[in-house]
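Engineer: let me see the structure of the following:
(2 chains)
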Amino acid sequence: MTTADMHSHMPRTTRDIGNAWDRMVAKRRLYTLIGLAILLFAAVSSAQYADEANAGHFFERLPHLFDFLSWLIPKDWADVWRALFDIASPNHTGGEEYNFADGRVYVSGSFYVPEYFELMITTINIAIVSTIIGFVFAVPLAFLAAKNFSPSWPLRMFSKRVMEFLRAFPEIVIAGLFSAVLSIGPVAAIIAVSLHTIGALGKLFYEVIENTDMKADEGMRSVGGNWFERVRFGALPQVLPNLSSYALLRLEINVRASTIIGAVGGGGIGEELKLSISRGFGAKTVALMILLFATIVAVDQFSAWLRRRLVGEHAFLLQH
Amino acid sequence: MTFELRNITRRFGNRTAVDAVTIEIPQGQMVGIIGRSGAGKSTLLRMINRLTDPTSGSIRFGDREVSSLKGAALREWHRDCAMIFQQFNLVPRLDVLTNVLLGRLNHRSTTLSMLSIFSREERIMAIAALERLGIEQTALQPAGTLSGGQQQRVAIARALMQTPKMLLADEPIASLDPLNAKIVMDALRDINEREGITVVTNLHTLDTARNYCDRIIGMAAGRVVFDGQPSDLTADAIHAIYGADKDGAGIDESMTSTSIKTPDAAQAAGALQSAGIQTLANARA
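Structural biologist: As a prediction, this is how the structure comes out:
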């Protein structure tokens, strides 16, 4: 397009520009109104559907939404802390509701790790191991899948399909499958979370790799480097901070995932939480939830700090 | 060994970037390629190095048919035909010494390279290359923190590590200030004279081409329109290469010049330069 015909499309006077702008704004407002109307319609009709699906009791029962949580409130709040740190409770009269001291894991002498902390560590370990395994497999797959580094088209398609397949199934489905084969336990959880992590990280990784500045790679090609050397020196130094940042983000997600998988038999704190909820042990459940909440906040804060160190404030723009 | 291009053509879609170029370059010549932006200079240079593949035509170096090389043989050609880029193309996060050592990649085992394990001899060789270019004091800094002129000298040191038979430079001084441009061009001439390596460089300043090159090739619209010695580059030849401006006047050479001519500027430059040039001069002596 030459400059001459660009000018012929442009409004010539100030009034023309003003009118054109008015029309543009009016159109934008119309679209916003239409969008809001659709949203309102969807909200009303889905509420109605929910009401009908609940045999008409949805709105009627709504005030009782939190009733079932009342059992959570412990008779003695001190029991929450006793449950957390495995301190013997005066309420203990046999049975499992207040047998806090039984869970102690002795390390040496009278020094013990409270049961819930040990379970939390198991869950975090599952997350860490899975993230590392996922990272190790996702990096080569991502380089095969990235348009600018893939050695060949069939390999690229193969790698992309493999990663799509792996992330298509939620961790909990894979965990269910593997716990049927390998019996219940952390190994099934690790395999499940790892497989999903390979697929999820691989996709993020190859998008990062496709956005790399190719100047260093061109330099490596010009000295006669082969594919491995191009990846190692042309791309890795540039993408590694971003890849690590994504891996840390994935670690946060995996802590949650391995907790949930625990509830379906993957071991760790999730299993204990599910048991305690199903038996209605108020103090234990509250203690577990406090620990879980504190841990997840701590992991998130730590990884956010580390990611900021790795890639600067940019880390949070990349998040989506 | 003579380097030959025969009817080299490159098309991008239906646009012809380089149109049937035939050139012969004897070993040891310093050649400058000039022309307007988009005349096909960069494409031509990249085809010589085979970073871009020619659509048709043949490239020969001695008895090696460069235009049909593949795989390992092609990587060996990349090694033998070193290239320097306008944007330096270093690995910015790696230190300068490692960047220079990467020039050895094609001479050594991939496994050792992947682990960044280099021999003592290679390290000595790399430090010598840095010393020759007068930037050994930057060896431990990340390459991305260096100034443009320093980065370009690191790139030249990396090219030297390839022990090339030919050195291509794609606008090596286009993003440098006049003083650094002089240092870089002096280094290229030094390599050409001392090692007898053929140097082919794209330039956008006429006076640089005149001052440094044995031979100047002028390109316009993908074709070679001038090929001769700097003294043959008359006003008519320049008109043929660059065309005329919209008033029909030719190009005023001083417009594109980046050399330091005025007496006091030259003096100031001399003082600044001594650090970089002195090392080069010493190395040459």
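
Engineer: how close does the nearest residue to residue B:95 once chain neighbours are set aside get to chain A?
Structural biologist: What sits nearest to residue B:95 in space, not counting adjacent residues and going by C-beta to C-beta, 6 or more residues apart in numbering or on different chains, is residue B:140, at 5.4 Å. (C-beta placed from N, C-alpha, C; glycine too.) According to C-beta to the nearest C-beta, to the nearest Å, residue B:140 stands 16 Å off from chain A.

Engineer: residue B:140: neighbour count?
Structural biologist: Using other C-beta atoms under 10 Å in any protein chain shown, residue B:140 has 9 neighbouring residues.

Engineer: please apply the same query to residue A:252.
Structural biologist: Using other C-beta under 10 Å, residue A:252 has 19 other residues around it.

Engineer: mind listing what it touches?
Structural biologist: Applying C-beta atoms under 8 Å, 6 or more residues apart in numbering or on different chains, we find residue A:252 in contact with A:296, A:299-300, A:303.

Engineer: please apply the same query to residue A:198.
Structural biologist: Residue A:198 makes contacts with A:133-134, A:137-138, A:141, A:163, A:166-167, as judged by C-beta under 8 Å, 6+ apart.

Engineer: quick check: what element follows the helix or strand hosting it along the chain?
Structural biologist: Assigned by DSSP states H and E, residue A:198 falls within helix A:186-210. Tracing the chain C-terminally past helix A:186-210 and defining elements by DSSP H and E, one meets helix A:215-222 next.

Engineer: count the residues that sit near residue A:77.
Structural biologist: With other C-beta under 10 Å as criterion, residue A:77 counts 10.

Engineer: now it. Its backbone dihedrals?
Structural biologist: Backbone torsions for residue A:77, taken as degrees, to the nearest 10, come to phi -60, psi -30.

Engineer: measure it to chain B for me?
Structural biologist: Residue A:77 sits 53 Å away from chain B when distances are taken as C-beta to the nearest C-beta.

Engineer: assign a three-state SS to residue B:34, would you?
Structural biologist: On the three-state scheme (DSSP: H, G, I helix; E, B strand; the rest coil), residue B:34 is labelled strand.

Engineer: follow-up on the earlier one: was I right about the residue nearest to residue B:95 contacting residue B:94?
Structural biologist: No. In this structure, residue B:140 is not within contact of residue B:94 by C-beta atoms under 8 Å, at 11.0 Å.

Engineer: where along the stretch 1-150 of chain B do the helices fall?
Structural biologist: Along the stretch 1-150 of chain B, counting by DSSP state H, counting those that start in this stretch, helices occupy B:41-49, B:71-80, B:96-101, B:110-114, B:120-132, B:148-161.

Engineer: and the fifth one, what other elements does it pack with?
Structural biologist: Packing partners of helix B:120-132 (3 or more C-beta pairs under 8 Å, 6 or more residues apart in numbering or on different chains; DSSP states H and E): helix B:96-101, helix B:148-161, helix B:263-284.

Engineer: what about 6 Å?
Structural biologist: When contacts are defined as 3 or more C-beta pairs under 6 Å, 6 or more residues apart in numbering or on different chains; DSSP states H and E, helix B:120-132 sits against helix B:96-101, helix B:148-161.
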